[in-house]
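**Q** I would like to see how this sequence folds:
(one chain, ligands or ions: 1)
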Amino acid sequence: MALVIFASAIIFIILAYKVYQRLRFKLPPGPRPWPIVGNLYDIKPVRFRCFADWSKIYGPIISVWFGSTLNVVVCNSELAKEVLKEKDQQLADRHRSRSAAKFSRDGNNGKSLMVKNYLSGVAFNNITRLAFGKRFVNSEGVMDEQGVEFKTIVANGLKLGASLAMAEHIPWLRWMFPLEEEAFAKHGARRDRLTRAIMDEHTLARQTSGGAKQHFVDALLTLQEKYDLSEDTIIGLLWDMITAGMDTTAISVEWAMAELIKNPRVQEKAQEELDRVVGTDRVMTETDFSNLPYLMCVAKEALRLHPPTPLMLPHKANVNVKIGGYDIPKGSNVHVNVWAVARDPAVWKEPLEFRPERFIEEDVDMKGHDFRLLPFGAGRRVCPGAQLGINLVTSMLGHLLHHFRWTPTEMVKPEEIDMSENPGLVTYMRTPLQAVPTPRLPSKLYKRVAADI
Ligand code: HEM
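**A** Coordinates of the predicted model:
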């Protein structure tokens, strides 16, 4: 009995505090929240579209309650600037959720194939080579044991994360979900074991060869003493790079390829540029980028229409702050709907058209300096991998377009390709893109490159 009275008193105090907060602050308008769950059950799965729709009803800044946590979503470029520039410092904390992203691989050649499977494979190879300086496949393309373990860990991380779990947003209900914590701990231990083994290989290699290699892990290990980095910090940084850089780049290229198949004019124009600059007797390299302005615009236009993190990552208010004339209490999460901003007809001409030429007519920055185009965010929380992300996306796109002509699968007309989104923190296509590649270069240029780097 005493326990029931105690529990009721706690609940009453929490609710009373919430009501007090709502009366005390002039919060942004939004859909009416339900007790305890807030708007959790009103949010449609593709959240950024749902928030954009609500903005049409309630205005460009809205309140959305994830359980008892206030989330504020802004969705025009002026408010984006206020959040990411003027109030940048007050809003630079992060909400600690346990989100991650998705990953997979499978494939075929010549016929219609699921593009995403190959892109995920390339993104995996790119990021693991940058971070760890090694390939986990031999010259026949067969993955070794460590690679298989790596992929399993990435896949498990994704399964565990990316949830709008009740326990995430209603902290005092968390005790009801103890199992998940256990799964996280197990996952963490497995991930740390693998990473430590790879770090040891690098330490050994440095000791035997004397010098440091140029990979991210070597840089961190070399700087470990100088900056007093713990092993946990190094493992954390390496995995931040993997989780943040893998899906985002693969997703961006999948959307870009879908747009290029829907718009053969753009595809042919990018291929003409590649043939003119690179020729047909060698493969493109990163040093060609500066001579491939149209290809760069294709990547930018894809990131405008399909930012892989359409609501960025939430920013958390570390003090009470005012945005757009409304109060944002300390502890609330603020999201910028960069998807909606980049399609706002008030700042973009024919915003829904995939037309890379718009960036030749007007060079719009996409690394956080122009608040109309923010696929990487802006301010002190801007994506630290922005330039790397742009290079990886441009590189994948350039190779795919140079090597192959891409058409839809038989029976599907270009205009019938499903361009709707899958729900999630990162936004894959709802129907993974199927496409037919037709080689367009001499066969010697399709050979697998030697496994050593
Ligand atoms: C097309 C590729 C990518 C896109 C569109 C992208 C986008 C973003 C966005 C929108 C944010 C949040 C910004 C904010 O909240 O203000 C972010 C954060 C982050 N990104 Fe990226 N990203 C990409 C690739 C990468 C790559 C390749 C890496 C590293 C290898 C990376 C590492 C990170 C990290 C570590 C953060 C967290 C920063 C922080 O919390 O301060 N990203 N990214």
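**Q** The residue of the stretch 101-250 of the chain found nearest the ligand: which element?
**A** Nearest to the ligand in the stretch 101-250 of the chain, going by CB to the nearest ligand atom, is Gly245, at a distance of 2.9 Å. Backbone N, C-alpha and C define where each C-beta goes, glycine included. Assessed by DSSP states H and E, Gly245 sits inside helix 231-262.
**Q** can I assume the residue of the stretch 101-250 of the chain closest to the ligand is in contact with Arg129?
**A** No - with contact defined as CB atoms under 8 Å, Gly245 does not reach Arg129; the gap is 11.5 Å.
**Q** Neighbour count: these two, which is higher?
**A** Gly245 (20 against 15; other CB atoms under 10 Å).
**Q** check contacts around that one.
**A** Counting by CB atoms under 8 Å, 6 or more residues apart in numbering, Gly245 touches 123, 127, 130, 385, 388-389, 392.
**Q** re the thing from before, now do the buried residues in the helix holding Gly245.
**A** 234-235, 238-239, 241-262 (16 or more other CB atoms under 10 Å).
**Q** for stretch 126-134, same thing?
**A** Under 16+ other CB under 10 Å, the buried positions of stretch 126-134 are 126-128, 130-134.
**Q** the helices in this protein, which residues?
**A** With DSSP state H, the ranges of helices along the chain come out as 2-24, 47-58, 77-81, 115-132, 145-160, 166-169, 178-209, 216-223, 231-262, 264-277, 293-305, 338-341, 358-361, 386-403.
**Q** Mind putting those helices into a markdown table with mean pLDDT?
**A** Shown next, in a markdown table, are the helices of the chain (pLDDT from 0 to 100):
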| stretch | mean pLDDT |
| --- | --- |
| helix 2-24 | 76 |
| helix 47-58 | 96 |
| helix 77-81 | 96 |
| helix 115-132 | 90 |
| helix 145-160 | 85 |
| helix 166-169 | 56 |
| helix 178-209 | 84 |
| helix 216-223 | 88 |
| helix 231-262 | 93 |
| helix 264-277 | 98 |
| helix 293-305 | 98 |
| helix 338-341 | 98 |
| helix 358-361 | 98 |
| helix 386-403 | 97 |
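**Q** most packed of those helices?
**A** Comparing those by mean neighbour count (mean count of other CB atoms under 10 Å), helix 338-341 ranks first with a mean of 27.
**Q** and the ligand, which of the contacts of Gly245 contact it?
**A** Of the residues in the contacts of Gly245, proximity to the ligand by CB under 6 Å from any ligand atom holds for 385, 388-389.
**Q** Spit out the contact partners of Pro439.
**A** Counting by CB under 8 Å, 6+ apart, Pro439 has contacts 403-404, 446.
**Q** ditto for Asn318
**A** The neighbours of Asn318, taking CB under 8 Å, 6+ apart as the test, are 90-93, 330.
**Q** From the residues you listed, list the buried ones, please.
**A** Looks like the contacts of Asn318 have 90-91, 93 buried, using 16+ other CB under 10 Å.
**Q** Can you name the residues of the stretch 251-400 of the chain sitting close to the ligand?
**A** Residues of the stretch 251-400 of the chain lying near the ligand (CB under 6 Å from any ligand atom): 252, 307-309, 312-313, 315, 375-377, 381-385, 388-389, 393.
**Q** Repeat that for the stretch 51-200 of the chain.
**A** So far as CB under 6 Å from any ligand atom goes, the stretch 51-200 of the chain lies against the ligand at Arg94.
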